[in-house]
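Undergrad: pasting the sequence and the predicted model now:
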Amino acid sequence: QVQLAESGGGLVQAGGSLRLSCAVSGRVFDWYFMAWFRQAPGKEREFIAAIPWSGARTDYADSLKGRFTISRDNAKNTVDLQLNSLNPEDTAVYYCAVALAYNPGFQPSEYAYWGQGTQVTVSS
């Protein structure tokens, strides 16, 4: 079993930045895929980015590529998400998730374990 815990959310003004972190514990293999999703009120959960535990590659939602960056920190055992140039439409709960398979795709149903989420609010 894998445990995930997000941190780093908060209130930020439009144009600002935040760095989210997902602490990972439990048994994790290099081919497991770590991902970030977000869910705004009244909307479906949306894929943001993914990276295998090995860190060998990264995948991004086309609409968010360039503003958001996913990375692994081996020393801290975390998966981080750098959010830049934030706007009010980025307001959502941001979730970390893990898929127990390589190259799982972008659907939430393909991810087995989830963190509790961290709120990001962007003011105009």
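TA: That came through fine.
Undergrad: so is Lys76 in a helix, a strand, or just coil?
TA: coil (DSSP: H, G, I helix; E, B strand; the rest coil).
Undergrad: quick one, what contacts it?
TA: Applying C-beta atoms under 8 Å, 6 or more residues apart in numbering, we find Lys76 in contact with 21, 23. Glycine gets a C-beta too; all of them are placed from N, C-alpha and C.
Undergrad: and the residue most central in space within the chain, what pLDDT?
TA: In the chain, the centroid-proximal residue (C-alpha atoms, centre = their mean) is Trp36; its distance is 2.0 Å. The score at Trp36 is 98. That number is its pLDDT.
Undergrad: over to Asp73?
TA: Note on Asp73: pLDDT of 91.
Undergrad: just the one 10 residues further on next, same as before
TA: Leu83 is assigned a pLDDT of 98 by the prediction.
Undergrad: just the one 5 residues further on next, same as before
TA: As predicted, Pro88 sits at a pLDDT of 97.
Undergrad: and it, how far from Gly9?
TA: According to C-beta to C-beta, to the nearest Å, Pro88 and Gly9 sit 15 Å apart.
Undergrad: about what we covered before: next up, the contacts around the residue nearest to the centre of the chain.
TA: 20, 22, 48-50, 68, 70, 79, 81, 94-97.
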